[in-house]
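S.K.: Prediction below, plus the sequence it came from.
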Amino acid sequence: MPKRLGNELHRKVTKWGADLVGFAPVARFTKYPVEHQPVKDFSNAQTVIVLVLQMVDPLLDIWLNAPPDSGAGQMSTGRAFEDEILQGICYRLALYLESRGVGAKVIPYEPGLYLKDAAVLAGLGVIGKNNLLITRKFGPRVRLRALVTEAELPPSDVIVDNPWCNNCEACIQACPVGALEGGRYNRELCLTCPLHRRKISPYAELWCNQCANACPVGSKVPGDETIQLKTQ
């Protein structure tokens, strides 16, 4: 039964638009703080389902914020097209599981899971020198979302070794501010990058993807150099 359901869910989510899916038992998350464990808001959780969407165009990664007078209210975190696509697939999958009599819940971003770590535990890739999830098929050019379910699904095999980063420093060399030098990700330095949160319009911005774009692993996508930025 678990294997049959796992195969069925894999077919469903790929049909609905996800590019990859992996399953991780909740027991794999016990090393994380309680607020970042899947059982925090769903005590019956047995399996974490992680969905991956390939970044096919930089324009779909633009981060949008609603204008204060739009009627939607000021959004503190904003949203991106690819995240919305994945969230829709997650809710569709949760509703499908509920229709089968199986409890499920979409994991919010905050506090939520450590999504990159969850993807690793679901066998979808490894954390590279760029501090990003690297998948075999798409490299680091992906977006992630997750949900939990009380269904016991066949666990995906975790990739133990990183076969891609050993002799490669493309991401380290590509970072405009050197935030990856010395083998550690410097978040504070990363946030100082002039390419970080570039304004596309008063309510839209684009994050820096130089380290992801430089990675030689997986399918490539068009660069974001074609995006015309407006002078603010």
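M.R.: Arrived safely.
S.K.: which helices and strands does the helix or strand containing Val50 pack with?
M.R.: Secondary structure from DSSP states H and E places Val50 in strand 47-54. In terms of contacts (3 or more C-beta pairs under 8 Å, 6 or more residues apart in numbering; DSSP states H and E), strand 47-54 is packed against strand 20-25, helix 81-99, helix 115-121, strand 142-149. Backbone N, C-alpha and C define where each C-beta goes, glycine included.
S.K.: Pull out the buried residues from the second one.
M.R.: Read it as helix 81-99. Within helix 81-99, the residues that count as buried by 16 or more other C-beta atoms under 10 Å are Glu82, Asp83, Ile85, Leu86, Gln87, Ile89, Cys90, Leu93, Ala94, Tyr96, Leu97.
S.K.: Repeat that for stretch 171-183.
M.R.: Cys171, Ile172, Ala174, Cys175, Val177, Ala179, Leu180.
S.K.: Equivalent analysis for stretch 103-120, please.
M.R.: 104-107, 112-120.
S.K.: Tell me what Ala146 is bridged to.
M.R.: Applying DSSP bridges to Ala146 gives these bridge partners: Val50.
S.K.: Can you tell me how far the most centrally placed residue in the chain is from Glu8?
M.R.: Within the chain, one residue has its C-alpha closest to the average C-alpha position: by C-alpha atoms, centre = their mean, that is Leu144, at 2.3 Å. Distance, Leu144 to Glu8, by C-beta to C-beta, to the nearest Å: 22 Å.
S.K.: Which of the helices and strands packed on strand 47-54 sits closest to Asn162?
M.R.: Each of these has some distance to Asn162 by C-beta to C-beta; the shortest is helix 115-121, at 10.2 Å.
S.K.: That closest one - what's its average pLDDT?
M.R.: For helix 115-121, mean pLDDT rounds to 96.
S.K.: Check which helices and strands it sits against.
M.R.: Short answer (3+ C-beta pairs under 8 Å, 6+ apart): helix 115-121 packs on strand 20-25, strand 47-54, strand 126-127, strand 133-134, strand 142-149.
S.K.: Of all the ones you listed, which one is nearest Pro163?
M.R.: Comparing those under C-beta to C-beta, the one sitting nearest is strand 126-127, at 8.4 Å.
S.K.: ranges for the strands of this structure?
M.R.: Applying DSSP state E to the chain gives strands spanning 20-25, 47-54, 63-64, 79-80, 104-106, 126-127, 133-134, 142-149, 198-201, 204-206.
S.K.: List the strands paired with the lowest-mean-pLDDT helix or strand in the chain, with their directions.
M.R.: When each helix and strand of the chain is scored by mean pLDDT, DSSP states H and E, strand 79-80 comes last, with a mean of 76. Each strand paired with strand 79-80, and its direction, by DSSP bridges: strand 63-64 (antiparallel).
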